[in-house]
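Engineer: no sequence on hand, only this structure:
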């Protein structure tokens, strides 16, 4: 379904005046059964200001080639939408599927809207009820749906006369009976009953080439203020999306760094790990950021503690006070965490007398493993400090 990549082209922009409805849609986050408009939580809750049109040059099964981008007054992308107008056929009879599909700026499904008088129907041409619209909305929001890995022929048994063409190559070989036949039992929970084909088509529209274009356009618009806004999204997938794209993004503001640090907590290992990865070597030149990372250590499990130590290995240099704090932490450190701190010191070529004196004080540690690791480090560091050399000699004499 995905063709060769070709970028979209901006063709025009329009200031929103009479179409203020779009702003309301972005802020609603709820269903409106009277107008058959179903929307989920938006990434950004800002007033809409302009609509920009892009000519989509990727191969796509959506008949028209225009992608609309809604922007705020600040120039932030708020949402994207496309018109879907194609045939859906049942029992050899076809009716037009006429809907607007909306996406959040991270590519996450936002909602669906039907023009006045339009409706979704099932195989017997029975109109969707409110519960079925709500179910369709939830199914389209599932980016991990098994529909991604199934052909429609696998979704329902295929038999009967050739399926009427809907004007796209994807339907070649389908049959009329295939659309109305019982859905494969394993797939029933992933489609609206009686509307398997409609569910399948809409899901693939949502997660097809349009989504790739949306992500690309938003990535082009990324800035520290926009990243900050996305990180404030109530949807965790939006937050993860932003954190992943911050990797390699230099020059994070103090406020943005603080927001990222807020995601480093035990409750969500995956999010915490992404937040640590989002901090870049250039930003780690900041002593305040290094100290802020150390402040996180007491409340974390050993795996995340080690991730922070690994991140500090990327810093251009370790702050002198950070070295002392880490050295003092070794008294209570165990196993891989202790070894990792010493490896950090080795990577950062830590050999200053003050840090080495703190470390040498641990040569009398009750845990011989700890004492041995510290001795080996000090021997490699080659400190000429008198106190350090004396303590090392005492340790060597006893061991």
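Structural biologist: Arrived safely, thanks for sending. All values reported here derive from a predicted model rather than from experimental measurement.

Engineer: strands paired with the strand ranked longest in the chain, and their directions?
Structural biologist: Longest strand in the chain, counting residues (DSSP state E): strand 77-90. If you go by DSSP bridges, strand 77-90 pairs up with strand 66-72 (antiparallel), strand 93-103 (antiparallel).

Engineer: which positions within it qualify as buried?
Structural biologist: 77-82, 84, 86-90 (16 or more other CB atoms under 10 Å). Bear in mind the C-beta positions are built from the backbone N, C-alpha and C, glycine included.

Engineer: now flag whichever of those residues is closest to residue 105.
Structural biologist: If you rank the buried residues of strand 77-90 by distance to residue 105 using CB to CB, residue 77 comes first, at 4.7 Å.

Engineer: lowest-pLDDT helix or strand in this structure?
Structural biologist: helix 176-180 (a mean of 40; mean pLDDT, DSSP states H and E).

Engineer: what about the next helix-or-strand element following it, distance to the chain center?
Structural biologist: Toward the C-terminal end, the helix or strand that comes next after helix 176-180 (DSSP states H and E) is helix 196-206. Centroid displacement of helix 196-206 relative to its chain, using CA atoms, centre = their mean, to the nearest Å, is 23 Å.

Engineer: and if you look at stretch 130-139?
Structural biologist: The mean C-alpha position of stretch 130-139 is separated from the chain mean by 24 Å, CA atoms, centre = their mean.

Engineer: pLDDT below threshold where in this protein?
Structural biologist: Flagging of the chain using pLDDT under 70 yields the residue ranges 1-35, 57-61, 63, 89-94, 156-186, 250.

Engineer: so how far is residue 213 from the residue nearest the centre of it?
Structural biologist: With distances taken as CA atoms, centre = their mean, residue 241 lies nearest the centre of the chain, 2.3 Å away. Using CB to CB, to the nearest Å, one gets 15 Å for the distance from residue 241 to residue 213.

Engineer: same question, residue 40
Structural biologist: 20 Å.

Engineer: and residue 105, by the same measure?
Structural biologist: 12 Å.

Engineer: between the buried residues of strand 77-90, which is nearest residue 118?
Structural biologist: For the buried residues of strand 77-90, the nearest to residue 118 is residue 84 (11.0 Å; CB to CB).

Engineer: okay, now the residue nearest to that closest one when sequence neighbours are not counted: neighbour count?
Structural biologist: Sequence neighbours aside, residue 99 is the residue nearest to residue 84 in space, at 5.0 Å (criterion: CB to CB, 6 or more residues apart in numbering). Using other CB atoms under 10 Å, the number of residues around residue 99 comes to 22.
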